[in-house]
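Asker: no FASTA, just this:
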């Protein structure tokens, strides 16, 4: 597309941009009133709505040298859908607040819209963007709000794990962190990120990079876990050791993990975040729902060790190379 | 407070900051599950939820030289509550996604929380912050999502105005724009904003400044208008001429305004935005609900003039001094 056909955000009206986005977004099945008015109206047939918000900021959360517009839209949707799924709810609608630099091309925003749409279609069919807001900022910022329906069930919080329950997980552990390690280790020029050269990647690294840039959390397994009787659930965003510690604290228990259940690299599985796997506890007297695998058991609280691995207190320090990374360059 | 007692955001954990905010935020009446889990759960007793999002970005939308932390929290709540009210719904809950500079003080975020809390208490009792997200960004950004309940009513959209209806408004028109004119006209050093000197302000200017920095939209009148049979409604955020044009387009009518109903300065009332007054149309055979005043009538569509004032096509150009204002300085 020539620049003339692809104007900068600052050179066209908000209405023009919103129409371009909406043309790429399907009507939401659950929207009683879609975009275009002061607010949208979403069906909440079971009398409540699950709601969460999560923001991606250029610098701390992503770099344009590494993420495409499509990647960003996809990831912004996926991380929010995972929080809805982690309550045992089915996602129904997204709101997207974009703050974008004035010199960004309209095609970039369209690419984000495509990523948002495709992530919804792939991970949470029936869920779609029902509204949003567009402002100008020197820092590209994507704040997504996701809503979901509990379909008559009680929400599955972090607080219900019982001693004796099975600890289980659905989805990847450590893949996204491995992808981030590839980016920080190999695709930088000094402090500046440089575009990924696919020729430098082994097949496993390609998978890890995809997990980092376009995560595929098991959204549909959230409601399934709730139906199967999950006593507690959360999404693993900051690493298994940190997040299991949060579940342990909320439930006043200790989560005892077994390293042999954590794959080829248990240390990375414990420390690496951003896969948005679902961590849940289930009564021990029934089968785990499809997609979940046992990784430990719930034990009485040990004050010195809310999370153990093979009986030893797990180090709760997650691994976040973005921390202290200069948020203004690149 | 000494700096030692008031650390920078970048020097404390997200958990510390969120606890500081939540300590200042009352429990939300409509929250079945409040902050602290992967998502909140909000009651939606009538089987649907009204939802909207609006973002304030430092530079295009506000300047720290002019707005206090409390002002920002208040305004971020008010502008979103107004969008919910404009559907005829009662606000139930807010989500707040903050992206803040690393060197911002925790007390600043607490001040925003106070402003959010007080705006809810004053404008929409029962509504409160139920969740949010905190990230680091070099540009202070506040993205609020507001939810509301229709209490069994149909949403009042922009599309229902009928020829012969009375056009009415509740709230101020042009006050916030006058306040902005005071700021841009008198409290700058070259291109840089400077703090307001109260001694330079006449009483009327003080009111106008308050309307700009801490707007008081008539939130409670939104549900009242719906109950009274409003056929169309919206909030006036970009100026009466622009927004009445949007309502006219959605309803395929012309909105015929009368200047003598627009106060002492009809030009400013037509052009000035950000008061978040409620613009609504009502059947002509009944009384207007309390708080609304007639400003015109709905006429058959005139292609050349979706909005008229005293029979003459109104100029839709709103007045926005922030437009083209350098978004990086100040």
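Answerer: Here it is on my side, so go on. Because the structure is predicted, anything quoted here is derived from the model rather than measured.
Asker: what segments of the stretch 151-300 of chain A are strands?
Answerer: A:166-170, A:188-189, A:192-193, A:232-236, A:254-257, A:277-282, A:293-299 (DSSP state E, counting those that start in this stretch).
Asker: those into a markdown table, with extra columns for mean pLDDT?
Answerer: Listed next are the strands of the stretch 151-300 of chain A as a markdown table, based on pLDDT from 0 to 100:
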| stretch | mean pLDDT |
| --- | --- |
| strand A:166-170 | 98 |
| strand A:188-189 | 91 |
| strand A:192-193 | 91 |
| strand A:232-236 | 97 |
| strand A:254-257 | 98 |
| strand A:277-282 | 98 |
| strand A:293-299 | 98 |
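Asker: could you dump these to CSV with distance to residue A:212 and mean neighbour count?
Answerer: (Each C-beta comes from the backbone N, C-alpha and C, glycine too.) Output for the strands of the stretch 151-300 of chain A, formatted as CSV (distance: least, C-beta to C-beta, whole Å; neighbours: other C-beta atoms under 10 Å in any protein chain shown):
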stretch, distance to residue A:212, mean neighbour count
strand A:166-170, 18, 24
strand A:188-189, 15, 12
strand A:192-193, 13, 16
strand A:232-236, 14, 28
strand A:254-257, 23, 25
strand A:277-282, 14, 28
strand A:293-299, 22, 19
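Asker: please identify which of the ones you listed is closest to chain B.
Answerer: strand A:232-236 (5.4 Å; C-beta to the nearest C-beta).
Asker: list the neighbouring strands of that closest one plus their orientation.
Answerer: strand A:277-282 (antiparallel) (DSSP bridges).
Asker: what angle do strand A:293-299 and the partner strand make with each other?
Answerer: 50 degrees (axes from the mean of the first three to the mean of the last three C-alpha atoms, to 10 degrees).
Asker: residue A:208: which of the strands of the stretch 151-300 of chain A is closest?
Answerer: Residue A:208 lies closest, by C-beta to C-beta, to one member of the strands of the stretch 151-300 of chain A: strand A:277-282, at 14.4 Å.
Asker: can you tell me what sits against that closest one?
Answerer: With C-beta atoms under 8 Å, 6 or more residues apart in numbering or on different chains as the test, strand A:277-282 has contacts from A:82, A:85-86, A:156, A:160-162, A:165-173, A:217-218, A:221-222, A:225, A:228-236, A:240, A:243-244, A:247, A:251, A:288-289, A:292, A:298.
Asker: residue numbers of the stretch 151-300 of chain A in contact with chain B?
Answerer: A:155, A:157, A:158, A:159, A:233, A:234, A:235, A:250 (C-beta under 8 Å from any C-beta of the partner chain).
Asker: now do the contacts for the fourth one.
Answerer: Read it as residue A:159. Residue A:159 makes contact with A:232, A:250, A:251, B:37 under the criterion C-beta under 8 Å, 6+ apart.
Asker: out of the contacts of strand A:277-282, which are buried?
Answerer: A:82, A:85-86, A:156, A:160-161, A:165-173, A:217-218, A:221-222, A:225, A:228, A:230-236, A:240, A:243-244, A:247, A:251, A:288-289, A:292, A:298 (16 or more other C-beta atoms under 10 Å in any protein chain shown).
Asker: tell me the centre residue of chain A?
Answerer: The centroid of chain A falls nearest to residue A:79 when counting by C-alpha atoms, centre = their mean (1.7 Å).
Asker: could you chop chain A up by domain?
Answerer: For chain A, the structural domains run A:13-149, A:166-313, going by automatic domain parsing.
Asker: out of these, which comes closest to residue B:65?
Answerer: Distance to residue B:65, taken as C-beta to C-beta, is lowest for domain A:13-149 among these, at 17.5 Å.
Asker: thought residue A:110 was touching residue A:21?
Answerer: Yes - between residue A:110 and residue A:21 there is a contact under C-beta atoms under 8 Å: 6.8 Å.
Asker: between these two, which one's more packed in?
Answerer: Between residue A:110 and residue A:21, residue A:21 has the larger neighbour count (other C-beta atoms under 10 Å in any protein chain shown), namely 23 against 19.
Asker: how is that one assigned, secondary-structure-wise?
Answerer: Taken by DSSP: H, G, I helix; E, B strand; the rest coil, the conformation at residue A:21 corresponds to helix.
Asker: what separates it from chain B, distance-wise?
Answerer: 14 Å (C-beta to the nearest C-beta, to the nearest Å).
Asker: contacting residues for that residue?
Answerer: Taking C-beta under 8 Å, 6+ apart as the contact definition, residue A:21 lies against A:109, A:110, A:113, A:129, A:132.
Asker: those, buried ones only, as a PyMOL selection?
Answerer: Buried residues among the contacts of residue A:21 (16+ other C-beta under 10 Å), as a PyMOL selection:
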select buried, chain A and resi 109+110+113+129+132
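Asker: from the contacts of residue A:21, pick the one nearest chain B.
Answerer: Comparing these against chain B with C-beta to the nearest C-beta places residue A:132 closest, at 6.3 Å.
Asker: on that earlier part again, out of the contacts of residue A:159, which sit inside helices?
Answerer: A:250, A:251 (DSSP state H).
Asker: in the contacts of residue A:159, find the pair that's most separated.
Answerer: By the measure C-beta to C-beta, A:251 and B:37 form the most distant pair in these, at 11.7 Å.
Asker: quick check: neighbours shared by these two?
Answerer: Common neighbours of residue A:251 and residue B:37 (C-beta under 8 Å, 6+ apart) are A:158, A:159.
Asker: does stretch A:108-117 reach chain B?
Answerer: No - judged by C-beta under 8 Å from any C-beta, stretch A:108-117 stays clear of chain B, getting no closer than 14.0 Å.
Asker: residues in contact with that stretch?
Answerer: Residues from elsewhere that reach stretch A:108-117 (C-beta under 8 Å, 6+ apart): A:9, A:17, A:20-21, A:24-26, A:68-77, A:94, A:96, A:98, A:100, A:128-129, A:134, A:142, A:144, A:214.
Asker: can you select the buried ones among these for me in PyMOL?
Answerer: The following PyMOL line selects those of the contacts of stretch A:108-117 that are buried, judged by 16+ other C-beta under 10 Å:
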select buried, chain A and resi 9+17+21+24+25+69+70+71+72+73+74+75+76+77+94+96+98+100+128+129+134+142+144+214
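Asker: brilliant, that's me finished.
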